[in-house]
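# Sequence isn't available, so here's the structure alone:
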C-alpha cells in the first residue's frame, strides 16, 4: 500500500515536472479528426508497429523522433540486451530496460512531446529547480523534502521547441544523472 502511495505521488509530481499543468493543457490544440475509412476520404492511419513491445501500444514514431532509442543506448550505456521494449500513449513514449533486482515498470526513459500554441522557454515547476546545460534544462534539486525521493529516482530534461515541448524523465538506475545530462544533447 505504501509503495502504491509513493508511486501515485511520484506520478503526480512527475506530471508536474513534465509540464502537465492546466495552463499547458489549455494551450494544447485539439487533435484533428481522422477521416473514417471508406467515408470518401483516406483510410484511417495505420497503427504504429514496433520490434519490441512492452505495453499495450507501440510508440508513435513522431514522438520517438524527439529522442531515439539509439541515443539512449549511447548516452546511458544500454543495449538491445537490456532493452525490454517500448510502450506508447498519446504524445508519450517509454523505453523500458532491464535492471537487475528492479521492477521493469519503473526502469524507463520516458519522452513526452505535446504540441503547444505557447511554449515556455524554460520549465516553470513548483516541485523542482532546473539548471541549463547546453540546449536543455536538467532537474537540479527538489524544492521540498516530499519531492526529494523523486529527484533521486529520476532525472528530468526539458527542451522548448517551436510549437512543442519535449520533456524526458529518466530513471537514475537506467541512466545516471550525468548520463541523462549527456542524453539532453540528442533531444530534438
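Received, thanks. Quantities reported herein were computed from a predicted structural model and do not represent experimental measurements. Numbering: from 1, shown residues only.
# residue contacts, the residue most central in space within the chain?
Centroid-nearest residue in the chain: residue 111, 2.4 Å away (criterion: CA atoms, centre = their mean). If a contact means CB atoms under 8 Å, 6 or more residues apart in numbering, then residue 111 has 63, 64, 66, 67, 92, 93, 94, 95, 166, 167, 168 as its contacts. For every residue, glycine as well, the C-beta is placed using N, CA and C.
# Residue 71 and residue 127: what is the separation?
To residue 127, residue 71 is 26 Å away according to CB to CB, to the nearest Å.
# follow-up on the earlier one: would you turn the contacts of residue 111 into TSV with distance to residue 54?
Shown next, in TSV, are the contacts of residue 111 (distance: CB to CB, whole Å):
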residue	distance to residue 54
63	15
64	14
66	19
67	16
92	13
93	11
94	7
95	9
166	21
167	20
168	17
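# For the nearest residue to residue 88 once chain neighbours are set aside, which residues are in contact?
Leaving aside its chain neighbours, residue 88 sits nearest to residue 59 (3.6 Å; criterion: CB to CB, 6 or more residues apart in numbering). Applying CB under 8 Å, 6+ apart, we find residue 59 in contact with 48, 50, 86, 87, 88, 92, 93, 94.
# where does residue 59 land in three-state SS?
Here residue 59 is recorded as coil under DSSP: H, G, I helix; E, B strand; the rest coil.
# And the one 4 residues further on, by the same measure?
Three-state call for residue 63 (three-state DSSP): helix.
# Tell me how many other residues crowd the nearest residue to it once chain neighbours are set aside.
Leaving aside its sequence neighbours, residue 63 sits nearest to residue 93 (CB to CB, 6+ apart; 4.5 Å). Burial of residue 93 is recorded as 28 neighbouring residues (other CB atoms under 10 Å).
# One more: the one 3 residues further on?
Neighbour count of residue 96, defined by other CB under 10 Å: 24.
# Please check the contacts of residue 59 and keep the buried ones.
The neighbour count (16 or more other CB atoms under 10 Å) marks 48, 50, 86, 87, 88, 92, 93, 94 as buried among those.
# so where do the helices sit in the protein?
Assigned by DSSP state H, the helices in the chain fall at 2-17, 22-27, 61-64, 69-76, 148-153, 177-183.
# Show me which helix or strand of this structure is least confident by mean pLDDT.
helix 22-27 (a mean of 36; mean pLDDT, DSSP states H and E).
# returning to what we had before: and the helices of the chain, which one's lowest on average pLDDT?
The minimum mean pLDDT among the helices of the chain belongs to helix 22-27 (a mean of 36).
# got the end-to-end distance for stretch 172-187?
18 Å (CA to CA, to the nearest Å).
# Actually, stretch 156-165.
End-to-end for stretch 156-165, by CA to CA: 13 Å.
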